[in-house]
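Student: For reference, the sequence and a predicted model appear below.
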Amino acid sequence: MSVGMAIQWLALALCVIFACVRLPDAMRGRGRSVFAVLVLFCVAVALSLSPIYLFVDSLLGGTNIANLLIRFTLYAIMLLLGGRIAAAFGSRRALTLIRGPVGLAVLGLTVVATVTLFVVSDLPESSTGLRAYADQSTVHWYSHLGRIYPSYVGACLLGPSIAGVRDTSARSLHRIAAALLALGFVMALGHTALKFTGIRTGAADLILPFGAIVLVTTGLTMIWLSRRRATGRRSANFLADEHRQP
């Protein structure tokens with residue numbers, strides 16, 4: 001197994017584990033948007049793996065609808081993720097850029113262009129990552145376009161994540177989580193930049209994007225753990241104060 005494939009399977013395993021960890025809270029109505037993000041990550045990463053992709057796409061007609069599903073899943077992830085992380089770091093500016101008119105316009109244009117390029121491409125048989133059709137110009141731009149909206153949201157969240165790392169008043173676990181998120185966004189943005197230069201990236205085509213997913217999902221889970229610990233301490237302090245009352 002190659003390093004790139006190993007990271008893909010690691011990303012899938014972590015996404016499944018983190019989603020399962022968050023399931024009890026989601027069933028109680030807490031953190032449902034982040035749970036949805038983790039489930040969507042499971043779908044996107046699973047469909048990036050050839051055995052799963054070919055099986056699912058065969059059920060959808062064998063014309064690479066599964067690849068379009070990956071694109072829409074990633075767009076939904078970034079929309080939900082952008083709002084939650086911006087809120088977690090208290091960045092009103094990032095939230096406005098993602099959920100405001102500019103961010104929604106970028107998302108809308110990306111979705112329309114994605115569907116258009118997919119429809120005009122000739123994709124008669126299933127091909128993981130559309131590798132068999134890489135010589136088509138429409139597929140080339142379809143692949144590039146799929147990185148624009150995730151990169152836009154990642155760029156909006158990079159500043160708040162770095163600010164979270166530098167916040168000395170924050171809990172250590174929270175700052176470590178911010179560092180993982182920031183590094184994940186840097187890796188994703190770096191991968192997009194490399195693809196647009198046309199440089200052959202080799203194994204980095206898998207290491208950078210799936211490494212970014214590992215870092216981002218781990219960072220999200222650490223923020224959740226940090227908040228749970230803080231809530232537990234507040235509850236413990238409250239009980240202690242109650243016992244000290246006459």
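Tutor: Happy to help now that I have it. Owing to the predicted nature of the structure, the values given are computational and were not obtained by experimental measurement.
Student: hang on, residue 97 packs against residue 103?
Tutor: Yes: using CB atoms under 8 Å, residue 97 makes contact with residue 103 at a distance of 5.5 Å. From N, CA and C alone the C-beta is placed, and that goes for glycine too.
Student: So which residues make contact with the helix or strand hosting residue 39?
Tutor: Under the criterion of DSSP states H and E, residue 39 resides in helix 32-48. Contacts with helix 32-48, where a contact means CB atoms under 8 Å, 6 or more residues apart in numbering, come from 8, 11-12, 15-16, 18-19, 22-23, 25-26, 52-53, 56, 66-67, 69-70, 73-74, 76-77, 80-81, 83-84, 128-129, 210, 213, 217, 220, 224.
Student: returning to that earlier point: need the overlap of contacts for residue 97 and residue 103.
Tutor: residue 156.
Student: still on that earlier bit, just the buried residues out of the contacts of helix 32-48, in PyMOL syntax.
Tutor: To isolate the buried ones among the contacts of helix 32-48 in PyMOL, judged by 16 or more other CB atoms under 10 Å, type:
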select buried, resi 8+11+12+15+16+18+19+22+26+52+53+56+66+67+69+70+73+74+76+77+80+81+83+84+128+129+210+213+217+220+224
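Student: and the contacts of helix 32-48, which of them are in helices?
Tutor: Mapping the contacts of helix 32-48 onto helices (DSSP state H) picks out 8, 11-12, 15-16, 18-19, 22-23, 25-26, 52-53, 56, 66-67, 69-70, 73-74, 76-77, 80-81, 83-84, 210, 213, 217, 220, 224.
Student: Was I right to think residue 136 contacts residue 124?
Tutor: No: the pair residue 136 / residue 124 is not scored as a contact, 11.7 Å apart, by CB under 8 Å.
Student: Who has more neighbours out of these two?
Tutor: A side-by-side neighbour count of residue 136 and residue 124, using other CB atoms under 10 Å, places residue 136 first with 16 against 10.
Student: Roughly how far does that one sit from residue 168?
Tutor: Using CB to CB, to the nearest Å, we find residue 136 at a distance of 52 Å from residue 168.
Student: and stretch 166-173, how far from the chain's centre?
Tutor: 23 Å (CA atoms, centre = their mean, to the nearest Å).
Student: C-alpha coordinates for it, CSV please?
Tutor: Only the C-alpha atoms of stretch 166-173 are listed here, as CSV (Å, rounded to 0.1, in the frame of the first residue of the first chain):
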residue,chain,number,x,y,z
ARG,A,166,-1.8,33.0,19.4
ASP,A,167,-4.5,33.5,22.0
THR,A,168,-2.6,33.0,25.2
SER,A,169,-5.8,33.3,27.3
ALA,A,170,-7.3,30.2,25.6
ARG,A,171,-7.0,26.6,26.9
SER,A,172,-4.0,24.6,25.7
LEU,A,173,-6.2,22.0,24.0
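Student: Name the residues of it that are buried.
Tutor: Buried residues in stretch 166-173, counted by 16+ other CB under 10 Å: 170, 173.
Student: Stretch 198-212 now?
Tutor: Neighbour counts over stretch 198-212 (16+ other CB under 10 Å) mark 204, 206-212 as buried.
Student: Switch those over to a markdown table; also include pLDDT and distance to residue 163.
Tutor: Formatted as a markdown table, the buried residues of stretch 198-212 follow (pLDDT from 0 to 100; distance: CB to CB, whole Å):
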| residue | pLDDT | distance to residue 163 |
| --- | --- | --- |
| 204 | 85 | 28 |
| 206 | 88 | 30 |
| 207 | 91 | 27 |
| 208 | 92 | 24 |
| 209 | 93 | 24 |
| 210 | 94 | 26 |
| 211 | 94 | 23 |
| 212 | 95 | 19 |
